[in-house]
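> got a predicted structure here, sequence first:
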Amino acid sequence: MTDTTSAGAAATAVAPGGKALLEVDDVTLKFGGLTALNGVSFEIREGEILGLIGPNGAGKTTCFNVMTGVYQPTSGQVRFEGEPLTGRKRHKITRLGIARTFQNIRLFRTMTVKENVMVGADARHKTSVLGALFRLPLHRREEHEGSQLAQELLDFVGVKVDADELAGNLSYGDQRRLEIARAMATKPRLLCLDEPAAGFNPSEKQRLMELIRKVRDQGYTVLLIEHDMKLVMGVTDRIVVLEFGKKIAEGTPEEIRNNPAVVAAYLGVETDEVGEAVEHGGTDAIDAVVSGDAADVVDHHHHNEEEGTDAS
Ligand SMILES: Nc1ncnc2c1ncn2[C@@H]1O[C@H](COP(=O)(O)OP(=O)(O)OP(=O)(O)O)[C@@H](O)[C@H]1O
């Protein structure tokens, strides 16, 4: 495959299913007596949008934090382009090409929109504090380039306010998009989005899906943690499912939506109950999860059992 390191400029999307960019290899992470991740292995392939899903407390955020260097695994390894992340500091990991957004927005509210994006770009710059202080030519050039990049990224993510507006004055949706722009400013190989749709209404979610696809089409690889099943199913190429710290499934959205273990995990029932529940409910159980009618599917199933109409 050809080199796509100039992520922002890659003309065509890399076909999903490329070589492994990040490998999670048999990772276990314990918090005292609690095993938050238990022998988890999967890979993120170059050019794909990978979804990481699972019920509350499944270990998604912990896994994300291991992949971005916030936590060190108790055992196992995470490799980025074959290089172990183990023992690397977070800013080194950013320089390697992994960027992330946060579940809770973390912007500098009293800085301008443009400055917030440039903080990301600055993570890549070479000039020293001294250089910045005396505004040496290299610094001035980088500042100019940063400013230009910031504007391009703001346009790209669809933040339409004045770049000199204070970040704290932006609408909630724009703040979330600004976070994505800031992460992209580090020119990452891998962009990790932690629940980017939290608090979004359906039309904002739709816009976000389009943005995530657009990001991928620029040549970025995307990791998405997201509660909204419809969004995950609609935008990802592959999905990894965690439950109680273990990987219970991996596959395309279509495979995942028809996987009884996944449906069971979301419905909070035993796997063998799912087939029956789905059959008798006459619906696709994941659709029920998506639409929030999950409880109805299980209720229907239990109701049938009580009525003695359960054929099995
Ligand atoms: N810093 C920590 N110290 C102790 N326990 C933790 C810590 N972080 C997470 N946990 C525990 O690890 C388990 C996995 O949590 P995690 O936040 O990774 O799950 P999650 O899938 O992201 O959940 P959610 O969807 O609710 O965000 C939970 O039982 C949680 O209470």
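Structure's in. What do you need?
> quick check: Ala261 vs Val235, distance?
Summarising the geometry, the distance separating Ala261 from Val235, computed by Cβ to Cβ, to the nearest Å, is 22 Å. The way it works is simple: take the backbone N, C-alpha and C, and place the C-beta from them, glycine included.
> and the two? which has more neighbours close in?
Neighbour count, other Cβ atoms under 10 Å: between Ala261 and Val235, Val235 has more, with 23 against 14.
> check contacts around that one.
In this structure, Val235 makes contact with Ile49, Gly51, Met209, Ile212, Arg213, Leu224, judged by Cβ atoms under 8 Å, 6 or more residues apart in numbering.
> what's the answer for Asn259, then?
By Cβ under 8 Å, 6+ apart, the contact list for Asn259 reads Val241, Ala249, Gly251.
> what mean pLDDT does the strand or helix carrying Leu153 have?
Under DSSP states H and E, the secondary-structure element containing Leu153 is helix 137-157. Averaged over helix 137-157, pLDDT sits at 77.
> next secondary structure after it?
Using DSSP H and E, the next helix or strand after helix 137-157 towards the C-terminus is helix 172-184.
> quick revisit: adding secondary structure, write the contacts of Asn259 out as CSV.
Rendered in CSV, the data for the contacts of Asn259 read as follows (DSSP: H, G, I helix; E, B strand; the rest coil):
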residue, secondary structure
Val241, strand
Ala249, strand
Gly251, strand
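> just the buried ones from these, in ChimeraX syntax?
Here is the ChimeraX command that selects the buried residues among the contacts of Asn259 (16 or more other Cβ atoms under 10 Å):
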select :241,249
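> and which of the contacts of Asn259 is nearest Ala99?
Val241 (24.1 Å; Cβ to Cβ).
> for this structure, give me the ranges with low pLDDT.
Per-residue confidence for the chain (pLDDT under 70) gives these ranges: 1-17, 120-146, 273-312.
> and the most centrally placed residue in it, what are its bridge partners?
The geometric centre of the chain, computed from its C-alpha atoms, lies nearest to Leu224 (Cα atoms, centre = their mean), at 2.1 Å. In this entry, Leu224 is beta-bridged to Gly51, Leu193, by DSSP bridges.
> circling back: in ChimeraX, select just the buried ones from the contacts of Val235.
Below is the selection syntax for ChimeraX that covers the buried ones among the contacts of Val235, with 16+ other Cβ under 10 Å defining burial:
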select :49,51,209,212,224
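> separation between Leu223 and the ligand?
With the distance defined as Cβ to the nearest ligand atom, to the nearest Å, Leu223 ends up 13 Å from the ligand.
> give the burial count for that residue, as a bare number.
A count of neighbours around Leu223, defined by other Cβ under 10 Å, yields 25.
> what does the one 4 residues further on give?
For His227, the neighbour count with other Cβ under 10 Å is 14.
> list the contacts of it.
If you count contacts by Cβ under 8 Å, 6+ apart, His227 has them with Ile53, Glu195, Ala197, Ala198.
> try Leu37
Neighbouring residues of Leu37 by Cβ under 8 Å, 6+ apart: Val27, Thr28, Leu29, Gly59, Thr62, Cys63, Val66, Pro73, Leu242, Gly245.
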